[in-house]
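Asks: I'd like to go over a predicted model; first the sequence, then the structure.
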Amino acid sequence: MTTKLRSYSAILGLSFSIAILGMPGTGAASGGWSDTPRTDPDIVKAEKAIKDKNWNQAIELLNAALARDKQNADIYNFLGYAERNRGNLDAAFKHYERALTLNPKHRGAHEYLGEAYLMTGDLAKAEEHLAVLNKLCFFPCEEYRDLKTAIAGYKQKNAK
């Protein structure tokens, strides 16, 4: 390989790496957020409420943010997460589905929806979302690993 060709190859590889790492929801763990800037004060407070497992406060804050931005898949995803953890699976499923309608590649929503399906005993649906995550994650991602672990735990717990 000539020096010039090696240089072009190196530049192309570096450009590809930068493009992949710069994509929303890739690189560092996103914790369920894809590309929402966390400048909205209600979203910032909701994130803290979620970390503190204060589901009611998180839902209230996320609904306030949603009133200003009804096209934000991240807000719907975290509304689903908070509702699921509060025990309201019907609302959780509704929010996850809305998040995926807005952004079919939302890795956090696929992970959390898969986990919700496990809570209802629907292993096949959870595995469908794991398969989607396997396709979405160029490299194994946190969402894929987490759902895969949850499915393995579910299978072990329910083995007869």
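Replies: On my side now, so go ahead. The shown structure was predicted, so the numbers you read here are calculated from the model rather than taken from an experiment.
Asks: Every contact and neighbour count from this point should use C-alpha atoms.
Replies: Will do.
Asks: Report the contact partners of R98.
Replies: Residues counted as contacts of R98 (CA atoms under 8 Å, 6 or more residues apart in numbering) are 73, 76.
Asks: make it 10 Å
Replies: R98 makes contact with 71-73, 75-77, 80, 92, 104, 109, according to CA atoms under 10 Å, 6 or more residues apart in numbering.
Asks: same check, this time on G114
Replies: Residues in contact with G114 (CA under 10 Å, 6+ apart) are 96, 108, 122-130, 147-148, 150-151.
Asks: The same query, at a cut-off of 8 Å, please.
Replies: By CA under 8 Å, 6+ apart, the neighbours of G114 are 125-130, 147.
Asks: Among the contacts of R98, name the ones in strands.
Replies: Among the contacts of R98, none falls in strands (DSSP state E).
Asks: Make a markdown table from the residues you listed and add distance to E115 and pLDDT to it.
Replies: Shown next, in a markdown table, are the contacts of R98 (distance: CA to CA, whole Å; pLDDT from 0 to 100):
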| residue | distance to E115 | pLDDT |
| --- | --- | --- |
| Q71 | 23 | 95 |
| N72 | 21 | 94 |
| A73 | 18 | 96 |
| I75 | 18 | 96 |
| Y76 | 16 | 97 |
| N77 | 13 | 97 |
| G80 | 11 | 98 |
| A92 | 11 | 98 |
| P104 | 17 | 97 |
| A109 | 10 | 98 |
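Asks: Among the residues you listed, which ones are in helices?
Replies: Among these, DSSP state H puts 73, 75-77, 80, 92, 109 in helices.
Asks: Could you dump the residues you listed into CSV and include distance to F139?
Replies: Converted to CSV, the ones in helices among the contacts of R98 look like this (distance: CA to CA, whole Å):
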residue, distance to F139
A73, 23
I75, 25
Y76, 25
N77, 22
G80, 26
A92, 28
A109, 18
